[in-house]
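J.: Sharing a model prediction with you, sequence too.
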Amino acid sequence: MKNLISILAVLLTSSLMNPSTALPDRVGDFALLDSKGEFHQLSRYRHHQALVLMAFDNSCSSISTSVAQLNDLQLDFEDKQVSFVLINSSGEEGGAEYLKAIEASLETNAALLLDNGQLVSETIEFSKVGEIAILDPDRLTVLYRGDIDPTVNEILNQVLVGGLTETIVEPSIGCDINYSVKDRHANVVPDYGLEIAPIIAEQCVSCHREGGIGPFAMDSHLMVQGWSPMIREVLLTKRMPPTQVDPSIGHFTNARYISDSDLQNLIHWIDSGAPRGIATIDPLTQVKFPNRREWQLGEPDYVVTAPKHEVPATGVLDYINIDVALPFEEDKWVKGVQYIAGDESVLHHLLTYVTAPEEEVEGEAARGNVATRFLEGYAPGKVDAMTFPENTGVYIPAGHKLSMQFHYTTNGRATSDQTILGLYFYDEPPMYENFTQSVSGVFRIPPYERDHQASARYVFNEDVVITGLRAHMHFRGKDMKFSAEYPDGGMLDLLSVPSYSYAWQPTYALQEPVRLPAGTKVHVTGAFDNSEHNPANPDPSKELTFGLQSWDEMFIGYWTYHSANPAN
């Protein structure tokens, strides 16, 4: 026994003394927008062997020298698998003019990531402006942290051949980075009852509840504490809250904006161990939810009961298209709708159109630019009743029907779905008729293509008022932007979805509707990621064109609008 203990002691001592057995410091995944609104996520850089970040603060007198050094380093490795970016570690948001001034003075090709809450800079442990971190995007680790000096070229070359097995830290001499919020929270941890639970109640629990579409319920401190490592990750990668748009472009009533201060409170609270605090009553146990099986706007004027659909435990189901006859002998104007899904765990989406007696509509399978009497749709996370803008409604002429398209996804459990749709009518016709214009493009995505660009356009031949926008792609969807080109050549960006997710496809309702004059050309631009580094991609080896199923692709931008002139 004594000999065995001696052998183990020698092995342990040897392993501690041998740097080849050390491991690099883990940083975890994160994501930020850059000054141009483009999305950057560490794990999406896995097509490169290293990502070099430099801590940036425009107020530091030595920053121009540091950026010049970064540019030289970038030139040395421009043909190798290394990416270079700046990260604004100052915590100052500035504004559009501030960013333009910075970009004009930088003289660099490196993107400027906006770390307004400093949470990524804290996670990397930057302490000085001009300091760089060499990250391994595959293992999500820090390989080097320090200034750019003659050894950095050698270190990067070691990284490229896989020869660096531990984190190297060198002292930096730039301006200090001030983490005032982090320091304050280190002394006084955000209070769960007063500060944390209200954020979770506002941002999370509508989905993360018993019976909700979230994978776990946030119904107590204990549950949130237990899931806190995952919560931290999805916050820093911007997966949650969902339906995140670029906040600098447009503003929407239903986008789940979350402030930098709320993010700082949540992350710092989690990093402090997610303490329970002093509240005697757990606020999350007191949250009440509306009954999803009840009508939120009162009893509807008319209820449509869809046929019952059997959904098997496994397999792939084709879209189901049905027509529903309506008994109305007079015209109707719809002012509000509510879907109540029979089984929301398998109903992926449901689209409803108003169609003439002999008209056939294939929903999102319709190709080309088509203006339709789109009633409304159901999609993941979109469970609340919807009312059209004031004095605007969907017109149902007498004798018309509803065409409904169902898309189900199996979840390992056989079930059935019988969804109902409540319609709320105007007593008198409104001034404006609501339309949805689909703007779709033709594309062919090569296998393993990481950034395949796509675009589509359409010209409005009358004055219109845009009230909502919706991006639609499938698993390879990467980003999408909506813009308007006025007849005089002026451009207006209306919506940017910099990190598209197939799981969240709401119609973003503009807080201030936008009037477009006749002759305005609207643009939908975006990109697909068909690479193996897209975690949602079912098969990167497949060439893709337009197709109905989720593993095929679509590229459609939906513009909800009404005429600028009254319908009556």
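T.: That came through, no problem.

J.: This protein: helices as residue ranges?
T.: Along the chain, the stretches classed as helices by DSSP state H are 2-17, 63-76, 96-106, 119-124, 150-160, 180-187, 197-203, 221-226, 228-236, 260-271.

J.: What is the neighbour count of Pro566?
T.: Counted with other CB atoms under 10 Å, the neighbours of Pro566 add up to 12. All C-beta atoms are positioned from the backbone trio N, CA, C, and that covers glycine.

J.: Equivalent analysis for Leu194, please.
T.: Leu194: 12 neighbours (other CB under 10 Å).

J.: show me what contacts it?
T.: Leu194 sits next to Gly277, Ala279 when contact means CB atoms under 8 Å, 6 or more residues apart in numbering.

J.: Find me whatever residue is spatially closest to Leu375, sequence neighbours aside.
T.: Nearest residue to Leu375 in three dimensions, chain neighbours excluded: Thr352, at 4.3 Å (CB to CB, 6 or more residues apart in numbering).

J.: Report pLDDT for Thr165.
T.: At Thr165, the pLDDT value in this model is 88.

J.: any idea how far it is from Asp246?
T.: Thr165 sits 39 Å away from Asp246, going by CB to CB, to the nearest Å.

J.: any idea how far Val169 lies from Ile155?
T.: Distance from Val169 to Ile155, by CB to CB: 12 Å.

J.: Kindly apply the preceding question to Tyr508 instead.
T.: Distance, Tyr508 to Ile155, by CB to CB: 44 Å.

J.: Between the two, which is the more surrounded one?
T.: Comparing Tyr508 with Ile155 by neighbour count (other CB under 10 Å), the higher total belongs to Tyr508, at 25 against 19.

J.: How about the closest residue to the more buried one other than its chain neighbours: which residues does it bridge to?
T.: Of all residues beyond its chain neighbours, the one nearest Tyr508 is Phe252 (4.3 Å), with distances taken as CB to CB, 6+ apart. For Phe252, the beta-bridge partners under DSSP bridges are Leu510.

J.: Spit out the residues that contact Val169 and Ile155 alike.
T.: Tyr144.

J.: per the record, what domains does this protein have?
T.: Annotated domains of the chain cover 19-178, 181-286, 291-428, 431-568 [automatic domain parsing].

J.: Show me how far the shortest one is from its chain's centre.
T.: A distance of 16 Å separates the centroid of the chain from that of domain 181-286, by CA atoms, centre = their mean, to the nearest Å.

J.: Numbering from 632 from now on, please.
T.: Will do, 632 is the new start, and the previous item becomes domain 812-917.

J.: first vs last residue of that domain, how far apart are they?
T.: For domain 812-917, the first-to-last residue distance is 30 Å (CA to CA, to the nearest Å).

J.: Ok, the third one next?
T.: Domain 922-1059 has an end-to-end distance of 30 Å (CA to CA).

J.: higher neighbour count, Thr796 and Asp877?
T.: Shown here are Thr796 and Asp877; by other CB under 10 Å, Asp877 has more neighbours (20 against 13).

J.: The stretch 932-1081 of the chain: strands as residue ranges?
T.: Assigned by DSSP state E, counting those that start in this stretch, the strands in the stretch 932-1081 of the chain fall at 933-936, 940-942, 951-955, 963-971, 978-986, 1001-1003, 1005-1009, 1017-1018, 1023-1027, 1032-1039, 1046-1048, 1051-1056, 1063-1071.

J.: Give me the mean pLDDT for the second one.
T.: Strand 940-942 shows an average pLDDT of 95 in the prediction.

J.: and the residue lying closest to Pro1148 once chain neighbours are set aside, how far is that from Gln749?
T.: Counting by CB to CB, 6+ apart, Pro1148 lies nearest to Asp1094, which is 5.5 Å off, once chain neighbours are set aside. For Asp1094, the distance to Gln749 equals 45 Å [CB to CB].

J.: if you count what's nearby, which of those two comes out ahead?
T.: Using other CB under 10 Å as the criterion, Asp1094 and Gln749 rank with Gln749 on top: 23 against 14.

J.: And the more buried one, how close does it get to Gly1053?
T.: Gln749 is 47 Å from Gly1053, by CB to CB.

J.: re the thing from before, next up, the contacts around the residue nearest to Tyr1139.
T.: Listed by CB under 8 Å, 6+ apart, the contact set of Phe883 reads Val876, Leu1126, Tyr1139, Ala1140, Leu1141, Gln1142.

J.: Surely the second one touches Ile1097?
T.: No. Between Leu1126 and Ile1097 there is no contact, the gap being 9.7 Å when judged by CB atoms under 8 Å.

J.: for the stretch 882-1031 of the chain, what are the low-confidence residue spans?
T.: 992-1003, 1011-1013 (pLDDT under 70).

J.: Quick check: Ala1085 touching Asp1160?
T.: No. Under the criterion of CB under 8 Å, Ala1085 is not in contact with Asp1160, lying 11.6 Å apart.

J.: so where's the stretch 682-831 of the chain uncertain?
T.: 724-732, 734-736.

J.: how far away is Phe1113 from Thr1023?
T.: Distance from Phe1113 to Thr1023, by CB to CB: 20 Å.

J.: same question, Phe847
T.: Counting by CB to CB, the gap from Phe847 to Thr1023 is 39 Å.

J.: Who has more neighbours out of the two?
T.: For Phe847 versus Thr1023, the count of surrounding residues by other CB under 10 Å is larger for Thr1023: 24 against 15.

J.: Just give the nearest non-adjacent residue to that one, would you?
T.: Nearest in space to Thr1023, with sequence neighbours left out and distances taken as CB to CB, 6+ apart, is Tyr1063 at 4.4 Å.

J.: can you check Ser1047 too?
T.: What sits nearest to Ser1047 in space, not counting adjacent residues and going by CB to CB, 6+ apart, is Glu941, at 5.2 Å.

J.: repeat for Gly1024
T.: With CB to CB, 6+ apart, the residue lying closest to Gly1024 is Trp964, at 4.1 Å.

J.: Let me see the contact set for that neighbour.
T.: Gly1024, Val1025, Tyr1026, Ile1027, Phe1056, Tyr1057, Pro1060, Pro1061.

J.: which among those end up buried?
T.: Among the contacts of Trp964, those classed as buried by 16 or more other CB atoms under 10 Å are Gly1024, Val1025, Tyr1026, Ile1027, Tyr1057, Pro1060, Pro1061.

J.: Could you save the residues you listed as a markdown table and add columns showing distance to Asn922?
T.: Listed next are those as a markdown table, based on distance: CB to CB, whole Å:
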| residue | distance to Asn922 |
| --- | --- |
| Gly1024 | 27 |
| Val1025 | 26 |
| Tyr1026 | 31 |
| Ile1027 | 28 |
| Tyr1057 | 26 |
| Pro1060 | 33 |
| Pro1061 | 30 |
